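> need the 3D shape of this:
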Amino acid sequence: MATNNVRTSEALGMVETKGYIAAVAATDAMLKAANITLAGRVEIGNAFVAIFVRGDVGSVRAAVDSGAKAAAENGELISAHVIPRPEKSVLETFLS
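Next up, the predicted model:
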C-alpha cells in the first residue's frame, strides 16, 4: 500500500493541558508570542484539552514554549511538542 509522503512547509505545534482555564491561558500566550495560526482545539475528556497551532518553525517553537509556560502556571501542562514539517496525512487525520 502506498503512503502519502507529502510534507507541509509549516510546522505543527501542540500543547495539551488538564483544565480548560489552562488551555485558554496557553492559547492566549501562544497567539501573543508569535505570528502563528490557531489550527484547532480538541477536548479529549476528563478535562484534557489539546491546542494546535501552525506557522513557520521558529514562530511555532516560540509559541509552544510560551503556551506551555502559561498552561503550567494556570493549571496543568500535560505535554508540548513541535513537528517541524508534518506529513499531510497527519494534518488530515488529526485536524479535520
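> residue contacts, A50?
Shown in contact with A50 (Cβ atoms under 8 Å, 6 or more residues apart in numbering): M14, V15, E16, T17, R41, V42, I44. For every residue, glycine as well, the C-beta is placed using N, CA and C.
> need these in TSV with pLDDT and neighbour count, can you?
Below are these laid out as TSV (pLDDT from 0 to 100; neighbours: other Cβ atoms under 10 Å):
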residue	pLDDT	neighbour count
M14	98	20
V15	99	30
E16	98	22
T17	98	29
R41	95	12
V42	95	14
I44	92	11
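> closest one to A63 out of the residues you listed, please.
Closest approach between the contacts of A50 and A63, by Cβ to Cβ: V15, at 8.8 Å.
> for A11, see how far away the closest residue to A72 other than its chain neighbours is.
Closest residue in space to A72, ignoring its immediate chain neighbours: A22 at 7.9 Å, by Cβ to Cβ, 6 or more residues apart in numbering. Counting by Cβ to Cβ, to the nearest Å, the gap from A22 to A11 is 22 Å.
> quick revisit: what helix or strand is the residue nearest to A72 on?
Taking DSSP states H and E as the definition, one finds A22 inside helix 20-33.
> distance of T37 from A29?
Counting by Cβ to Cβ - T37 and A29 are separated by 15 Å.
> among those two, which residue is more densely surrounded?
Neighbours per residue (other Cβ atoms under 10 Å) separate T37 from A29, with A29 holding more: 22 against 14.
> residues in contact with the more buried one?
A63, S66, G67, K69, A70.
> what about burial for those, which qualify?
A63, S66, G67, K69, A70 (16 or more other Cβ atoms under 10 Å).
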